[in-house]
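> Here is a sequence together with a model predicted from it:
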Amino acid sequence: MDEMKTLLSEELVGRLTTLCDDGYPYTAPVHFLYYENAIYLHGRSQGQKLDHINRNPKVCFEIDRLDALLTSSIPTPCKADTAYQSVIITGDAQIVDSYSLKREILCRLAAKYIEHMPEAPIPDAAVKNTGIIRITIRTMTGKYHSA
């Protein structure tokens, strides 16, 4: 569990899968924050992901890290392998309406992604006009293969 939490705190890009109205999955790369045992995403305050979530809040979220290609000393290409780490989360997504929570999450996202400006102010209009999604984690599994 600690390894999964570490990976969630270090990785910068995850993938969110939602369900379209025709039942097909839709996966999008997203910036994210793992905070208080939930996943937070930010983006536009309207759009396809939010439409999907409003219709069906069940989502999947995935991150992975490719540590190395393990190709030295292999007799054939079929014996190639990779060293990697991954986390797969299923959960329920909801749109965050609370202004104070939106501001807190945006500040934490800024600290994660813009390290040289950890205390930079976020304008009120940006908070109001940004969509924040909270994923309540139902299941979290990790998989890895080391070198």
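Looks like it arrived, so ask away.
> Can you read off the pLDDT for the residue sitting furthest away from the middle of the chain?
In the chain, counting by CA atoms, centre = their mean, residue 75 sits farthest out from the average C-alpha position, at 37.4 Å. pLDDT for residue 75: 80.
> part of a helix, is it?
No: assessed with DSSP: H, G, I helix; E, B strand; the rest coil, residue 75 is coil; it does not lie in a helix.
> Report the mean per-residue pLDDT for the top helix by length along the chain.
For the chain, the longest helix by residue count, based on DSSP state H, is helix 99-113. Predicted confidence along helix 99-113 averages 94 (mean pLDDT).
> Then stretch 59-71?
Across stretch 59-71, pLDDT averages out at 90.
> can you dump the C-alpha coordinates of that stretch into PDB?
Extracted in PDB, the C-alpha atoms of stretch 59-71 (Å, rounded to 0.1, in the frame of the first residue of the first chain):
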ATOM      1  CA  VAL A  59     -14.700   5.600 -13.100                       C
ATOM      2  CA  CYS A  60     -11.300   4.000 -13.400                       C
ATOM      3  CA  PHE A  61      -8.100   5.900 -12.800                       C
ATOM      4  CA  GLU A  62      -4.600   4.500 -13.700                       C
ATOM      5  CA  ILE A  63      -1.000   5.600 -13.400                       C
ATOM      6  CA  ASP A  64       2.200   3.800 -14.400                       C
ATOM      7  CA  ARG A  65       5.900   4.200 -14.500                       C
ATOM      8  CA  LEU A  66       8.200   2.500 -16.900                       C
ATOM      9  CA  ASP A  67      11.400   2.000 -15.000                       C
ATOM     10  CA  ALA A  68      13.500   0.100 -17.600                       C
ATOM     11  CA  LEU A  69      13.400  -2.000 -20.700                       C
ATOM     12  CA  LEU A  70      15.000  -5.300 -19.800                       C
ATOM     13  CA  THR A  71      16.600  -6.300 -23.100                       C
END
